[in-house]
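Q: The amino acid sequence is not available; the structure is as follows:
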């Protein structure tokens, strides 16, 4: 089994266990379940590059990324640093995430929150809503076309936005591109965990221009980000770069400033000297 296969199998087991512990009615009675959600798509529509800043303690490929993991402080720092959206890892076994991290982030900031996990069951949508998420990640690599369509529709019925993620352009065949608003491309192969940021631009070349385009994973170089912005990418999702910094929010702010400077330089018109 690949790492992805193991994570998905373990996630299904965790969902079955969670169902036995908490019914849907219990989730519906949670403090955030009936609160208005913040729209994901509008938060990512900007004249500048939008940043989805990730709250992530660990990963399967890197192990523990951040030992000093104060979710409230990280979330607030991200808001002050200019994040448009926060992505919160909730997968416990491989990423050391928790739904409690989602709730802590919700208490700390009024930015849209994306539950980042391996969503394989509608029960997880109710969990996301109950713990304060505004949107969820749907990964094409772990869902078939009918599952994607059904989960997307059910998320919408719960007022949850969706970031639909693909890795390979062939996965676009699973998607109803008339249904979705926000498309992410993971630059990291979820089977090998190798990274190639060219994937984003290759896949985005095949999708309608109206979609909000999010490049994910392996990002942190200001020149790369400025290039992606210049090629029409609307937003980037960054985790490890920020999580390894002493002050994630300051790191975000500094990166935003560097990218803006590089982008301005790239798009500055060339002045021609007048020959007398």
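A: Looks like it arrived, so ask away. Treat the numbers as computed from the prediction; the structure is a model and nothing was measured. Residues are numbered from 1 along each chain as shown.

Q: so what does the worst-scoring helix or strand of the chain on mean pLDDT touch, helix or strand wise?
A: Across the helices and strands of the chain, mean confidence by mean pLDDT, DSSP states H and E is lowest for helix 198-204: a mean of 89. In terms of contacts (3 or more CB pairs under 8 Å, 6 or more residues apart in numbering; DSSP states H and E), helix 198-204 is packed against strand 182-186, strand 212-216. Yep, even glycine has a C-beta here, placed from its N, CA and C like the rest.

Q: all helices of the stretch 151-276 of the chain, in order?
A: For the stretch 151-276 of the chain, the helices defined by DSSP state H, counting those that start in this stretch cover 198-204, 222-230, 240-243, 248-267.

Q: one step back: compare the helices and strands packed on helix 198-204 and give me the one nearest residue 3.
A: Closest of the helices and strands packed on helix 198-204 to residue 3 is strand 182-186, at 13.5 Å (criterion: CB to CB).

Q: tell me the angle of the closest one relative to strand 212-216?
A: 20 degrees (axes from the mean of the first three to the mean of the last three CA atoms, to 10 degrees).

Q: Parallel or antiparallel, list what pairs with strand 182-186.
A: strand 161-166 (parallel), strand 212-216 (parallel) (DSSP bridges).

Q: Run the chain-centre distance for that strand.
A: Relative to the centre of its chain, strand 182-186 is centred 8 Å away, using CA atoms, centre = their mean, to the nearest Å.

Q: Pull out the buried residues from that strand.
A: Residues 182-186 are the ones in strand 182-186 that count as buried (16 or more other CB atoms under 10 Å).

Q: quick one: contacts for residue 36?
A: When contacts are counted by CB atoms under 8 Å, 6 or more residues apart in numbering, residue 36 touches residue 159.

Q: can you tell me how far it sits from residue 129?
A: Using CB to CB, to the nearest Å, residue 36 is found at 11 Å from residue 129.

Q: Touching both of those two, which residues are there?
A: residue 159.

Q: Flag the shaky bits of this structure, pLDDT-wise.
A: 190-191, 270-276 (pLDDT under 70).

Q: again, only this time at 50
A: 271-276 (pLDDT under 50).

Q: Now render the helices and strands packed on helix 198-204 as a markdown table, adding distance to residue 108.
A: Putting these into a markdown table (distance: least, CB to CB, whole Å) gives the following:
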| stretch | distance to residue 108 |
| --- | --- |
| strand 182-186 | 23 |
| strand 212-216 | 23 |
